[in-house]
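1. coords please:
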Amino acid sequence: MRILTRRPGTAWAAANTIGYAAAVVLWATFSGPLWSALSPLLGGAATLALYGAVLGTGPGALQLAALRPLLPRPRRWLAATAAGCAAGFVLASWAALTVTEAFWADANKYLSNSAVNVAFGLLAGAGIGAGRWLALGRENRAAGRWIGVSAVSFTLGYGLAAAVVQLTYPLPALATALVFGACAGFTTAAIEWAWYGRRPEAWATPQGGGPSR
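-> Alright, predicted model coming up:
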């Protein structure tokens, strides 16, 4: 991992690209029976939370492996990322449903779909960012910026991935999952690192530390 931490931006992009792709493919492969089993629980929230947890665990595990020496509280990172993504997905799905119901029946589908995707992306990304903030330490005010930056990054990554999938249609289901996950992961990571790569205070504990480019 020393090689990776010499270039943390590259490591961050690789961890997110591979991690999201693997998580989405895993979910697409094995989630079928889970939908019918878990959907009745908590109004479908249990399934959404599990999906979020899987999607948070994939990139979270690789982020931890690649950047562990740079994280002030590495033991918290994976659990916090998975939990934040799970909570974010539940809230985001409810928000997306609310936005959907707010549009009239003959509304422009591109406008309504865009509004739904933005609502989902912002809340799902904010959940991921909140998990990272908790992992890095709530006493570090700069780490709180992860919430907003992750929300915007995930929204753009999710939207671009959806557009790429539309352009590459039709593909086999697993290939679609792979393309979607890799595109969402890379875009999200690139935007996040463009912001945080020069802001080590957002990674550090109050005593210091954090990554360098």
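2. So which residues of the chain form helices?
-> 2-6, 8-30, 32-38, 45-67, 74-102, 109-136, 145-168, 173-196 (DSSP state H).
3. Tell me which other helices or strands the last one touches.
-> Going back to what we said before, that points to helix 173-196. Counting contacts by 3 or more CB pairs under 8 Å, 6 or more residues apart in numbering; DSSP states H and E, helix 173-196 packs against helix 8-30, helix 145-168. (Each C-beta comes from the backbone N, C-alpha and C, glycine too.)
4. So which residues make contact with it?
-> The contact list for helix 173-196, computed with CB atoms under 8 Å, 6 or more residues apart in numbering, reads 9, 12-13, 15-25, 27-29, 59, 125, 145-146, 149-150, 152-154, 156-158, 160-162, 164-165, 168-169, 171, 202-203.
5. Narrow those residues to those that are buried.
-> With burial judged by 16 or more other CB atoms under 10 Å, the buried subset of these is 9, 12-13, 15-25, 27-28, 59, 125, 145-146, 149-150, 152-154, 156-158, 160-162, 164-165, 202-203.
6. Would you pull up how far stretch 151-162 lies from the middle of the chain?
-> Put simply, stretch 151-162 sits 9 Å off its chain's centre (CA atoms, centre = their mean, to the nearest Å).
7. Report the rounded mean pLDDT for it.
-> The pLDDT scores in stretch 151-162 average 94.
8. again, but for stretch 72-83
-> Mean pLDDT, computed over stretch 72-83, is 89.
9. Identify each buried residue in that stretch, please.
-> P72, R76, W77, L78, A79, A80, T81, A82, A83.
10. Quickly note the distance from the first one to A202.
-> Right, the one you point to is P72. P72 sits at a distance of 11 Å from A202 (criterion: CB to CB, to the nearest Å).
11. do the same with the second one
-> R76 sits at a distance of 16 Å from A202 (criterion: CB to CB).
12. List the residues that contact the closest residue to G129 other than its chain neighbours.
-> Here the nearest residue to G129 in space, its sequence neighbours aside, is S150; by CB to CB, 6 or more residues apart in numbering that works out to 3.1 Å. S150 sits next to G125, A126, I128, G129, R132, T188, E192 when contact means CB under 8 Å, 6+ apart.
13. And these, which is closest to V54?
-> I128 (13.1 Å; CB to CB).
14. State the number of residues packed around the closest one.
-> I128 sits with 32 neighbouring residues when counted by other CB atoms under 10 Å.
15. Let me know whether it touches T81 as I believe.
-> Yes: taking contacts as CB atoms under 8 Å, I128 lies within contact range of T81: 6.6 Å.
16. Residues that sit against both of those two, list them.
-> Contacts common to I128 and T81, judged by CB under 8 Å, 6+ apart, are G56.
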